[in-house]
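Engineer: Here is my input; please provide its structure:
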Amino acid sequence: MALVRQVKKTIEKYRMLARGDGVLAAVSGGPDSVALLHVLARLKDEFDLRLEVAHVEHGIRGTESKADARFVGDLAERLALPFHLKEVALPRIKAELGKGNLEALGREARYRFFAETAVARRLEKIATGHTRDDQAETVLMRLLRGSARKGLGAMAPVLKDEGERMKAEEKIHPSSFIPHPLIIRPLIETSRQDIESYLAAENLQCRVDRTNQDTTLLRNWVRLDLLPQLKEKIDRGLDRRLARMADVLRDEEAFLDAMTRSVFQEVVDKRGDFLRLPLLAQPKAMQRRLIRLWLEGALGHLRGVNFDHVEAILGLISDGPPQARIALPRGREAVRSYDTVSLKKNTRVRRAACCYSYALPLGGEIAVPEAGVKIASARSAGFDARPDSGVEAAFDLKSLPEMLTVRNFRNGDRFQPLGMQGHKKVKDLFIAKKVPLPARATLPLLIAGEEILWIPGYGRSEVARIGPTTKEALKVKIFAIGDRPSAERSAEGRGLRTVD
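Structural biologist: The predicted model follows:
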């Protein structure tokens, strides 16, 4: 009965069960799950549990796996517990999908069935037979794969329904899960040796899965070859040490995650874009965590996101050019535009920037659909021609030709800024004003002959400047299509600024 006391202690330590809970025991028929079921059956009255049993027959090992299902069904019947069986043909499913491995597909099928059954039967918990040895193996596997602190925390004693996680990662159909039973691991502090001793003392039979001896599978190799050698060389209690390390790392990860979330609002704007300078003010370790949290929030999960992606985003933010982008998983890309970084859909093949040109008569109005704006001009008395904002400009009418041109930027464009004798490149102005690349491609420029008169929101030319001799002026205003009264508001988001 020592095992029962140990499991009860673990249950109470992690608050796995409350009186009256409904528990679905996931039983494969192997030693760990058989011991789990018997211990829970012994604790059933003490915790007033509604205990039921579930088994998935994968169809991988033919008559052997069918015998496993019969064994578990008989075991549930002897204990007078409801039994739920799911039969799936994993080899056929894999062939139809054309991808994946049987181990991963089997795991997905099990957790989907467990979650669906628990929800249908109104059971709050799903109990699995993971042991301290399983925990140690998981830590080693993740260490070999280069996992960080969160991964090395391995399996939590209590966690939200695994099916809900797989749903978030789009490994299963979104409709497969409803509310979320908790997964509990009552044997997580129990060694496999203690379980074998318990089964022998209670004269309990179990099934042996021969595929567990296949050392071409990573977990089996760690279990059968690597871990025994490490125990021999280092410490016979290495599994306990690794499990304890996982506990510590999970606690530290929870603390660091809370700290990261408290800092997060300081480094993003209201649109959810990263603010470069506040992010760089954080320590490097916090920068990485903030980037992962940002990606997780935007993508829904971090599957496919690795260390190299995080480092690439860090490089983009800290050392990259003012405007650049890098590809990310799931058809996304991180896009830096000066001091902000946003996450956008990767359009793969980008459309070439369109070239447009429209004639604007003096006193007329035109639409520029490429920029989503209209431009209107009106004659005005010279003394009443002062612009109200950066989306308005005024010019001496007598210095203008009968027809103006509105077009977008061309390479090599130059203009004479107000108050200057010579010309400067428009590209240099864009860089100085930090105009985003997409805005540069569509921003309308007002042209008189060969001279650029006005770059809305960013500067106007010395040409046709209003002076003391100006008798009549031309006022030009830019506003969103369908939004004449609120030019200042319409300018926002189109690369225009409302002040010069």
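
Engineer: give me every residue that touches residue 323.
Structural biologist: Taking CB atoms under 8 Å, 6 or more residues apart in numbering as the criterion, residue 323 is in contact with 336-338, 436-437. Heads up, the C-betas are built off the backbone N, CA and C, glycines and all.

Engineer: tally of neighbours for residue 121?
Structural biologist: 15 (other CB atoms under 10 Å).

Engineer: brain fart, residue 40
Structural biologist: 25.

Engineer: measure residue 451 to residue 305 for me?
Structural biologist: 50 Å (CB to CB, to the nearest Å).

Engineer: which one of these two has more residues nearby?
Structural biologist: Taking other CB under 10 Å, residue 451 and residue 305 do not tie; residue 305 has more neighbours (19 against 16).

Engineer: how close does the more buried one sit to residue 294?
Structural biologist: Distance from residue 305 to residue 294, by CB to CB: 11 Å.

Engineer: Quick one: end-to-end distance for stretch 417-436.
Structural biologist: Length of stretch 417-436, first residue to last, CA to CA, to the nearest Å: 20 Å.

Engineer: Quick check: which of the contacts of residue 323 has the minimum pLDDT.
Structural biologist: Minimum pLDDT for those is recorded at residue 437 (78).

Engineer: Look up phi and psi at that residue.
Structural biologist: Main-chain dihedrals, residue 437, degrees, to the nearest 10: phi -60, psi -50.

Engineer: What sits closest to it if chain neighbours are left out?
Structural biologist: With sequence-adjacent residues excluded and distances taken as CB to CB, 6 or more residues apart in numbering, residue 437 is closest to residue 323, at 5.1 Å.

Engineer: Figure out how far stretch 420-440 is from the centre of its chain.
Structural biologist: A distance of 36 Å separates the centroid of the chain from that of stretch 420-440, by CA atoms, centre = their mean, to the nearest Å.

Engineer: which stretch of helix or strand covers residue 55?
Structural biologist: strand 50-57 (DSSP states H and E).

Engineer: next helix or strand past that strand?
Structural biologist: Assigned by DSSP H and E, the successor of strand 50-57 is helix 63-78.

Engineer: Give the pairing partners of the following helix or strand past that next one; include direction for each.
Structural biologist: As assigned by DSSP H and E, the chain's next helix or strand after helix 63-78 is strand 83-87. Strand 83-87 has the following sheet partners, assigned by DSSP bridges: strand 50-57 (parallel).

Engineer: which residue is nearest the middle of this structure?
Structural biologist: residue 296 (2.5 Å; CA atoms, centre = their mean).

Engineer: That residue - nearest residue in space that isn't next to it in sequence?
Structural biologist: residue 302 (5.2 Å).

Engineer: go on, residue 447?
Structural biologist: residue 405 (4.1 Å).

Engineer: Are we agreed that that neighbour is in a helix?
Structural biologist: No. Going by DSSP: H, G, I helix; E, B strand; the rest coil, the assignment for residue 405 is strand, not a helix.

Engineer: which residues touch it?
Structural biologist: Per CB under 8 Å, 6+ apart, neighbours of residue 405: 357-360, 446-448.

Engineer: Would you mind listing which of these are buried?
Structural biologist: By neighbour count, with 16 or more other CB atoms under 10 Å, the contacts of residue 405 hold 360, 446-448 as buried.

Engineer: TSV please, covering those and showing pLDDT and secondary structure.
Structural biologist: Shown next, in TSV, are the buried ones among the contacts of residue 405 (pLDDT from 0 to 100; DSSP: H, G, I helix; E, B strand; the rest coil):
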residue	pLDDT	secondary structure
360	89	strand
446	94	strand
447	93	strand
448	92	strand
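
Engineer: Between those, which sits nearest residue 54?
Structural biologist: The nearest member of the buried ones among the contacts of residue 405 to residue 54, counting by CB to CB, is residue 446 at 72.3 Å.

Engineer: and stretch 132-144, average pLDDT?
Structural biologist: Average pLDDT, stretch 132-144: 96.

Engineer: Show me which parts of that stretch are buried, residue by residue.
Structural biologist: 132-142.

Engineer: Look up the pLDDT of residue 94 for me, please.
Structural biologist: So, for residue 94, pLDDT stands at 60.

Engineer: Residue 434 too?
Structural biologist: Residue 434 is given a pLDDT of 83.

Engineer: try residue 258
Structural biologist: Residue 258 is given a pLDDT of 96.

Engineer: State the next helix or strand along the chain beyond the one helix or strand it maps to.
Structural biologist: Using DSSP H and E, residue 258 maps to helix 238-267. Helices and strands here follow DSSP H and E; after helix 238-267, the next one along the chain is strand 274-275.

Engineer: buried stuff in stretch 6-15?
Structural biologist: 6-8, 10-11, 14.
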